[in-house]
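Novice: here you go, sequence then predicted model.
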Amino acid sequence: MKHQDIPKAQRLDYSRDLSDSPKWIVATPFFALGFVFSLWYLTAYYGGDAYHYTNFYNSLYELPHEHWANFQRLHLGAAEPLYRYIIALGAYTGLDRTLYLSVWNGAFVGIIGYILIKHRCSALFCTLVLTNVYLVTLLGSAERLKFAYFFLILAFAVENRTVKFALGALSLFTHTQAAVQFVSALNFYILDNLKKIASTPAKGFLLLVGATAAVSLVFYLFFFAVGQSIEAKSEFYLSESEGLAEAIQWGLLLFAGLAIFDKRLAYFVAMLPMGVLTVLFGNRVNVATLALFAGLAILQRKTNNPIVLAVMAYMSFKTISFLFNVVEFGDGFVRA
């Protein structure tokens, strides 16, 4: 039967099946790419924060679990509980660190690849995402933050809202910085669905009460687990920040997004927490800012937009010098 002979309703269903329901099998080549790259990359990247993460990993070998938290604070100055249990899965039994983390890196890149295919992103955008300096950083020295974004991008990939929320909440317990991404995404969702919520007041009220209770519980457990660590690190980052000068990239992404995205008010409100924290604590928040920008570009089918591609190209260009530093110094952040 020729395509033109198929009834219109059937053609639409067939098209939907192809475009909106890709299978997770498409993640396989991306997993292989991330895994193979990591086998080299994690060996080459031995300096900077990677040195401390390696020492922490090695210290957990056959170490009784009641000491894991103390060793995490000793080596990393951090207290996020989920991160240490993920690492201990491999470290306690003596699995090779490079191999173990390469599996996680492969899964991380695989989920990203699945998202790119699912949303039919342009080939150039896909290439720029996979060569982005922040992704390369997450695969290497930003180990705790990598696991936070593992849960965040998995939340982005799944459809069920309850599962999305649960995965987003888990991200907080691997790195505190995930909190800003979590709050910003929540702000965007509320503003984006405000009319829908307001159209059914009773249901909206129950949803608001339930969401408030769930978020409050998550943040109570979060601060109970890592409160002292947050306080100590906040004081350090406040002293290191250069104030408004640190917010240049945030400002550029804000105005770029306002120029090209739909739902500008929701985007503006979502960006505000990141801007405040960037001014206070420096450019460590920039990865969250770019993740929000790229995520909206994907959802709103803007991956062919010249402004989006220019932003992503700049971040990929920065990867070149970063990897040269890794090869030469074992640390991407060394200033040659």
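Specialist: Arrived safely, thanks for sending. Bear in mind the structure is a predicted one, so any value in this text is a computation, not a measurement.
Novice: quick check, pLDDT for the residue most central in space within the chain.
Specialist: With distances taken as C-alpha atoms, centre = their mean, the residue of the chain nearest its centroid is Tyr149 (2.9 Å). The model reports Tyr149 with a pLDDT of 96.
Novice: what is the mean pLDDT for stretch 64-73?
Specialist: 94.
Novice: list the buried residues for the helix or strand hosting Tyr100?
Specialist: Using DSSP states H and E, Tyr100 falls within helix 97-118. Residues 97-98, 100-102, 104-118 are the ones in helix 97-118 that count as buried (16 or more other C-beta atoms under 10 Å). C-beta: built from backbone N, CA, C; applies to glycine.
Novice: and if you look at stretch 255-265?
Specialist: Buried residues in stretch 255-265 (16+ other C-beta under 10 Å): Ala256, Gly257, Ile260, Phe261.
Novice: for stretch 80-90, same thing?
Specialist: Quick answer for stretch 80-90 (16+ other C-beta under 10 Å): Glu80, Pro81, Leu82, Tyr83, Arg84, Ile86, Ile87, Ala88, Gly90.
Novice: could you tell me how far the third one is located from Phe188?
Specialist: Same thing as Leu82. 24 Å (C-beta to C-beta, to the nearest Å).
Novice: can you pull out the low-pLDDT segments for the stretch 51-200 of the chain?
Specialist: 197-198 (pLDDT under 70).
Novice: quick one, helices of it?
Specialist: 68-76, 81-91, 97-118, 123-130, 133-139, 143-157, 161-171, 178-192, 194-199 (DSSP state H, counting those that start in this stretch).
Novice: now the angle from the fourth one to helix 97-118?
Specialist: What that stands for is helix 123-130. Here the directions of helix 123-130 and helix 97-118 differ by 150 degrees (axes from the mean of the first three to the mean of the last three C-alpha atoms, to 10 degrees).
Novice: do the same with the first one
Specialist: Using the same axes, to 10 degrees, one finds that helix 68-76 and helix 97-118 are set 90 degrees apart in direction.
Novice: out of the helices of the stretch 51-200 of the chain, which comes closest to Ala27?
Specialist: helix 97-118 (3.7 Å; C-beta to C-beta).
Novice: for that closest one, packing partners?
Specialist: helix 28-44, helix 49-59, helix 81-91, helix 123-130, helix 133-139, helix 143-157 (3 or more C-beta pairs under 8 Å, 6 or more residues apart in numbering; DSSP states H and E).
Novice: turn those helices into TSV, columns for distance to Leu280.
Specialist: Formatted as TSV, the helices and strands packed on helix 97-118 follow (distance: least, C-beta to C-beta, whole Å):
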stretch	distance to Leu280
helix 28-44	32
helix 49-59	21
helix 81-91	23
helix 123-130	28
helix 133-139	20
helix 143-157	18
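Novice: re the thing from before, identify whichever of the helices of the stretch 51-200 of the chain lies nearest to Pro273.
Specialist: helix 178-192 (5.4 Å).
Novice: how many residues are close by Thr28?
Specialist: When neighbours are counted by other C-beta atoms under 10 Å, Thr28 registers 14.
Novice: oh, and call the first residue 57 from now on, that's how I've got it
Specialist: All right, first residue 57 from here; so that's Thr84.
Novice: and it, what does it touch?
Specialist: Applying C-beta atoms under 8 Å, 6 or more residues apart in numbering, we find Thr84 in contact with Gly166.
Novice: same check on Tyr139?
Specialist: So Tyr139 contacts Gln128, Arg200, Phe203, Phe229, Thr230, His231 (C-beta under 8 Å, 6+ apart).
Novice: of the residues you listed, closest to Arg217?
Specialist: Phe229 (20.0 Å).
Novice: so that closest one makes contact with Ala134?
Specialist: No. Applying C-beta atoms under 8 Å, one finds Phe229 not in contact with Ala134, separated by 11.2 Å.
Novice: between those two, which contacts overlap?
Specialist: Val282.
Novice: who has more neighbours, those two?
Specialist: Phe229 (24 against 21).
Novice: and that one, how close does it get to Ile143?
Specialist: In terms of C-beta to C-beta, Phe229 sits 13 Å off from Ile143.
Novice: and Asn243, by the same measure?
Specialist: In terms of C-beta to C-beta, Asn243 sits 31 Å off from Ile143.
Novice: same question for Asn342.
Specialist: 25 Å.
Novice: before we move on, what about Phe91?
Specialist: 18 Å.
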